[in-house]
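K.L.:
Got a sequence here, can you model it:
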Amino acid sequence: MGCFFCASCILHLHLTEEGWRRSLCVIHPPAAAMSNLFQNTSFFNMDVLEAKNVSFVPSWELEPVPIIVNPWDVLLCVTGTLMSCENAVVIALIVYTPTLRAPMFVLIGSLAFADLLAGLGLILNFIVTYIIDSGFVSLLSAGLLITAFSASVLNILAITVDRYLSLYNALTYHTERTVAFTYITLILMWVISTTLGSLPVLGWNCLEDETTCSICRPVNKNNAAALAVSFLLIFALILQLYLQICKIAFRHAQQIAVQRQFMTTSHSSSTTKGVSTLTTILGSFALCWIPLAMYSLVADSRSPVIYTYITALPAICNSIINPMIYAFRNPDILRSLRIACCGCMPYSLTMRPRTPSDV
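P.N.:
Prediction:
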């Protein structure tokens, strides 16, 4: 009995490795399968670890990827900063000068506020592009720019209408009716501008379909074309009003000449200056905005980006030119600026009579 047990033990110990595996498969097939599975899994894990050891680099050893900043975006941001500072000065002069309360100065202040918002919108657009990178914030930035530039164009139209009325109805211009009409016009203009600016946030954008984007993302091409056509119609109306202003100014000059039997040098020079002022206003407005409006009608997001910057930059610079044309050329605002800067006021400026070019 004991010999049989010893023999069986020796036989069991001298089994070959292959026999052991066969016996294991016969006796415990699930265990053998699990053993093979674990072996295969361990080999696979070793391969993965080796691959990770080759490709994995600790985060502290990775070099930071530099952010490439577009020089055009930097230029637009700097332009927006300059616009904001310049128009903030105009607003401060109008607010803190009690004598600047006429409808004309209210409209000039509204124009400066619109251009100030445009400058802030350009700064916000730069921050959204390179820092925040959020779709909703980009829609808000685009809406702010549309609101600001729409209000700027509409304020220029309102100033033109105000100048026309000041010449056409010179006797009744300074009545309470004119003041009420001015404030109603301001409210209507800002409501229209805010409505246009809210369209991208309300869904009128191209974020879901990039193929419908215009040259100014995220505004789609149809909306950009509608804004361009609206601008061209406003420009045509401004041109017509300024032609009527020129006719009225020349008619007044001829009446004065008939009454005095000769054309004085002062009235001749004032008329010439008035025409040059109107030419400067119309010329700068057309050169700044018409290229962008025409390009928005024919181009889309697939067009070269450089053309968008080239046409958009003059339109943006129009908000820098506006204070020089409408504010700093006005003798009352210029006098307030001189008092604020150095506390002095030249005698020639205080005694200077108003001319048609100042209206």
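K.L.:
where's the residue nearest to residue 69 when sequence neighbours are not counted relative to residue 301, distance?
P.N.:
Across the structure, with C-beta to C-beta, 6 or more residues apart in numbering as the measure, the residue nearest residue 69 apart from its sequence neighbours is residue 130 (6.4 Å). No exception for glycine: its C-beta is placed from N, CA and C like everyone else's. For residue 130, the distance to residue 301 equals 20 Å [C-beta to C-beta, to the nearest Å].
K.L.:
can you check residue 280 too?
P.N.:
Relative to residue 301, residue 280 is positioned 35 Å away (criterion: C-beta to C-beta).
K.L.:
Give me the more crowded residue out of these two.
P.N.:
Each of residue 280 and residue 301 had its neighbours counted (other C-beta atoms under 10 Å), and the higher figure belongs to residue 301 (17 against 14).
K.L.:
can you confirm that one is in a helix?
P.N.:
No. The assignment for residue 301, made by DSSP: H, G, I helix; E, B strand; the rest coil, is coil rather than a helix.
K.L.:
And the contacts of stretch 279-290?
P.N.:
When contacts are taken as C-beta atoms under 8 Å, 6 or more residues apart in numbering, the neighbours of stretch 279-290 outside the stretch itself are 153, 156, 231-232, 235, 238-239, 242, 314-315, 317-318, 321, 325.
K.L.:
repeat that with 7 Å
P.N.:
If you take C-beta atoms under 7 Å, 6 or more residues apart in numbering as the criterion, stretch 279-290 is touched by 156, 231, 235, 239, 242, 314-315, 317-318, 321, 325.
K.L.:
which helices and strands does the lengthiest helix in the chain pack with?
P.N.:
Taking DSSP state H as the criterion, the chain has its longest helix at helix 221-260. Using 3 or more C-beta pairs under 7 Å, 6 or more residues apart in numbering; DSSP states H and E as the contact definition, the elements that helix 221-260 packs against are helix 135-168, helix 265-298.
K.L.:
I'd guessed residue 215 sits against residue 302; true?
P.N.:
No. Counting by C-beta atoms under 7 Å, residue 215 does not reach residue 302; the two are 9.6 Å apart.
K.L.:
Please say which of the two ends up with more neighbours.
P.N.:
In terms of neighbours (other C-beta under 10 Å), residue 215 is the more surrounded of residue 215 and residue 302; the figures are 23 against 8.
K.L.:
So which of the helices and strands packed on helix 221-260 is nearest residue 104?
P.N.:
Taking C-beta to C-beta as the measure, the helices and strands packed on helix 221-260 were each checked against residue 104, and helix 135-168 came out nearest at 5.8 Å.
K.L.:
who touches residue 138 in this structure?
P.N.:
Contact criterion C-beta under 7 Å, 6+ apart gives 128, 218 as the residues in contact with residue 138.
K.L.:
got a pLDDT number for it?
P.N.:
Looking at residue 138, its pLDDT stands at 82.
K.L.:
Relative to residue 220, how far out is it?
P.N.:
Applying C-beta to C-beta, one obtains 14 Å for the distance of residue 138 from residue 220.
K.L.:
which residues of this structure score low on pLDDT?
P.N.:
1-67, 133-134, 174, 176-177, 253, 256-275, 343-359 (pLDDT under 70).
K.L.:
mind redoing it with 50?
P.N.:
Applying pLDDT under 50 to the chain flags residues 1-57, 59-60, 62, 263, 346-359.
K.L.:
Near residue 156, how many other residues are there?
P.N.:
For residue 156, the tally of surrounding residues (other C-beta under 10 Å) stands at 23.
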